[in-house]
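Chemist: Build me a structure from this.
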Amino acid sequence: MYPNVDVREFPLSVRLVFSYLKDQKISDVAHIMEATGLSRRSVMYAVRILKEANLIDIQICLSDTRRRFYCVKISGT
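Modeler: Numbering: from 1, shown residues only. Below is the predicted model:
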């Protein structure tokens, strides 16, 4: 599904966040923290790693620009 990237090589926290986002399609940090039991710092680390691997997109909430939403990229884009 995601060529050139082996998610199994990532740390457990990154795999957990990626798995959650694949199931939920889109989420914010608070919901990721609640669902995974990870700390804010761990979630933000995972998001950074996934973004660098080009596996997720970050969307800014238009009604509150301080909020960010994270979603898994669709394969082939």
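Chemist: C-alpha from now on. contacts and neighbour counts both.
Modeler: Noted.
Chemist: Show me the shaky parts of this structure.
Modeler: Across the chain, the ranges flagged by pLDDT under 70 are 1-3, 75-77.
Chemist: Break down it into its strands, ranges please.
Modeler: Assignment of strands within the chain using DSSP state E yields the ranges 26-27, 56-60, 68-72.
Chemist: Take the ones you listed and lay them out in a markdown table including distance to residue 43 and mean neighbour count.
Modeler: Compiled in a markdown table, the strands of the chain are given as follows (distance: least, CA to CA, whole Å; neighbours: other CA atoms under 10 Å):
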| stretch | distance to residue 43 | mean neighbour count |
| --- | --- | --- |
| strand 26-27 | 12 | 18 |
| strand 56-60 | 13 | 16 |
| strand 68-72 | 11 | 18 |
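Chemist: Turn the ones you listed into JSON lines, including distance to residue 7.
Modeler: JSON lines is the format used below for these (distance: least, CA to CA, whole Å):
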{"stretch": "strand 26-27", "distance to residue 7": "18"}
{"stretch": "strand 56-60", "distance to residue 7": "12"}
{"stretch": "strand 68-72", "distance to residue 7": "13"}
